[in-house]
Each structure stands twice: as structure tokens, then as C-alpha cells.
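J.: Sharing a model prediction with you, sequence too.
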Amino acid sequence: MSKISINSVEKNIKGLWNHEPYVKKYKNAKYTNKNPELSHMLNRLKTVNKLLKQNLNKDTNILELGFGAGQSSSLFLKEGYKYTGMDISKSLVNFAKSENKKFIKNRLASFYVGSMDKKLKFKSKQFDAVVIIGALQYVMNLNGCMKEIKRVLKKEGILILAQSNSFAIMDIIDPRKFIRFLIRVFFREEFMYSYSTTLKSIILENSGLKKFLGVKGNEKWLNTNLFTGGDYIPWNFKGKRRILAYDRIKKILKRHNFQIISYDYGGVFFYRKKNLYLNILFQIMNVFLNGLHKLKIFNFILNRIGSSNIFVLEKN
Ligand SMILES: C[S@@+](CC[C@H](N)C(=O)[O-])C[C@H]1O[C@@H](n2cnc3c(N)ncnc32)[C@H](O)[C@@H]1O
């Protein structure tokens, strides 16, 4: 992949999250068990809420970055925290404002448009907690973002970082996905450019492998069935997302001097599926793997293949 500047990626991300057909789906997405595809998100949110309760008093100040369609803000506000949300999407910020009028009027909630890639518009040492749920993958300026989080956090403040696991078991059990996973790990690929699983995309989206094979992209063999078979799922924006998995997140946190207070894998290995039989099988697997996780000896592997990586952190 060619080098893309932070500004152009940010512009494309902003475009994606203000693209009404895309954002509309998001606004309508209810995180409930009735919506199988989103039930692992519900689990992730519940885990973050539990961790907030364990680490914070009520009526403390929370800042959420990349809050999305407000599934988390309404939960945190109901819990009694003072909530500030910032998101790159004007459309989502307006939506959150319209959904939370009462809290805004009572000065318990405020919502701003802003980017994690830029200096935050908040005072130093303003917040007891900063929360990021499933949004760090869009941040290109990680150094700047981490520094800004530390600046706005109070001395004893915490960061809760909850991200989907790019190397979750769900994303590596299919043979093509497994090849993609191995290549991403081997070549230490930092970004993903689509969810495609064709061998052609896997090769072309990996700068290390592309260079190793000396591939330009217009080779005839790349268009043969062997390389084009599988799912070709391009994104509807020109951009990239950071590949975030257990060890990668830990490395970022260590580099920025955050100390891990606790960790949770989100309690789910296999997401719910619409297909009844697959769903039953996956639920059995979840019970089995969650049981193994309690034994601790398998945690080295299980923490790396769960659906989420949720860290509670303190700044050093
Ligand atoms: C996958 S959604 C997650 C939303 C929400 N946290 C949740 O878990 O439902 C990612 C969110 O991050 C926001 N976002 C992406 N890049 C951002 C940036 N650079 N600064 C602030 N928000 C950003 C998007 O607008 C979107 O609302």
C-alpha cells in the first residue's frame, strides 16, 4: 500500500462517518441480544460499564472519544456520571445531542465534534476517566492522541480502552482468514484496507508481502480464480484501519507509559450468528472456552483470541 498522510486518512474517515446511509445504520443499531450480530458489542459495553463502576465514584467526569451513536453515553449517564463525548462525526454528535436534551439541559452531558488526531479542546486534568470503545483503529497520530489523553486526565484518572480484537478466533478460523492472519503477523502489518479475503487482496494490501514478492498489482496470475476466489469486500471510503490485537495494544500502551490495572477479554469468543445451528455450536464453544479461561492456565492463548481487548489503565 502506498503511504497516505494523516490528514487525508482523517478526511476520509470524517467523510465515512458523515456519510448518511452509513451512519444511519449505526444510529439504528441497538446493542441487544436480540440483534445477534451486535451482541458482542453489548457484552463489550457492559464490561466497560462494570469496570467503570469498579474504578470510579458516581458523579465523576468521563470523557468518551469516538462515542458513535450514543449507545454508551445513555448507559453512562443513567449510571450517574457526568459525561462529555467527542466524535469526528457531526452527524453523530447532532444525533447524540437530540437524544440527550434533558441531560444537556441539566449540565450533565455535553457533546463535541473533534478528532483524536488533533489537540483536544479540553482543559488539562479535567477528567476522572477517558473511555475509548472501538475507535482507536481510526487514529493515525497515536503519539499525539496518547499524549492528549494523559494531559486531560486527572493525576489518579484512568483510561479504559476497549477494542475489538483483530486476531479474534472468529477472524482466523476460516482458511483464507487464517492465511491473512499469518501474513499480517509475519510481516507486522499495521493497517487493514478492507475485509476482503481473496488472496489477491491479501497480497496487495500487505506492503511487506508485496515487496517480498515484487508484485505490482497488474500481474495476470493475480486475476486467476485461485487469487480472486473468496470474499472481495472493499470499503466505501479510501482509508485504513489500524490492526489492533492483544500484544499490539499492550506495546502501544507500554510505549506511552500507561500502566495496566486490569484486563478483560469481553467474555465472548464466538459472536452470535443468525443461523440457529451455528449459533448453538458457537454458544457451546463460548461456554467451554469461558470455563477454560477461569482455570487461568490457558489465559495466555485465550486472552489473545477473545472478541475484545479491554484494558483499564493508569498514567505513569
Ligand atoms: C466503530 S464506531 C464505535 C462507536 C462507539 N464507540 C461504539 O462502540 O459503538 C467508531 C467511532 O469513532 C469515530 N471516529 C473515527 N475516527 C475518529 C477520530 N479521529 N476522532 C474522533 N472520533 C473518531 C467515528 O465517527 C465513530 O463514531
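T.: Yes, it's here. Numbers count the residues shown, from 1 in each chain.
J.: use CA for all of it now, contacts and neighbours both
T.: OK.
J.: Name the single longest strand found in the chain.
T.: When the chain is parsed with DSSP state E, its longest strand is strand 153-164.
J.: Can you name the residues that contact the most centrally placed residue in the chain?
T.: Per Cα atoms, centre = their mean, the C-alpha nearest to the average position across the chain is that of Gly134, at 2.4 Å. Contact partners of Gly134, counting by Cα atoms under 8 Å, 6 or more residues apart in numbering, are 66, 162-164.
J.: Which of those sits closest to Lys125?
T.: Comparing the contacts of Gly134 against Lys125 with Cα to Cα places Gly66 closest, at 19.6 Å.
J.: Show the pLDDT at the closest one.
T.: Listed pLDDT for Gly66 reads 97.
J.: ok, which residues in the chain are in contact with the ligand?
T.: Residues of the chain found near the ligand, taking Cα under 6 Å from any ligand atom as the criterion, are 13, 17, 65-68, 87-89, 114-117, 133-135, 138-139.
J.: Same question for the strand or helix carrying Ile284: list its buried residues.
T.: Assigned by DSSP states H and E, Ile284 belongs to helix 276-294. Counting neighbours by 16 or more other Cα atoms under 10 Å, one finds that the buried residues in helix 276-294 are 279, 282-283, 286, 289-290, 293.
J.: Toward the C-terminus from it, list the very next helix or strand.
T.: Per DSSP H and E, the first helix or strand lying C-terminal to helix 276-294 is helix 299-305.
J.: gap between the residue nearest to the centre of the chain and Tyr22?
T.: Separation of Gly134 from Tyr22 (Cα to Cα, to the nearest Å) stands at 16 Å.
J.: On the three-state scheme, the closest residue in space to Thr198 that isn't next to it in sequence is what?
T.: Leaving aside its chain neighbours, Thr198 sits nearest to Gly230 (4.7 Å; criterion: Cα to Cα, 6 or more residues apart in numbering). Secondary structure state of Gly230, per DSSP: H, G, I helix; E, B strand; the rest coil, is coil.
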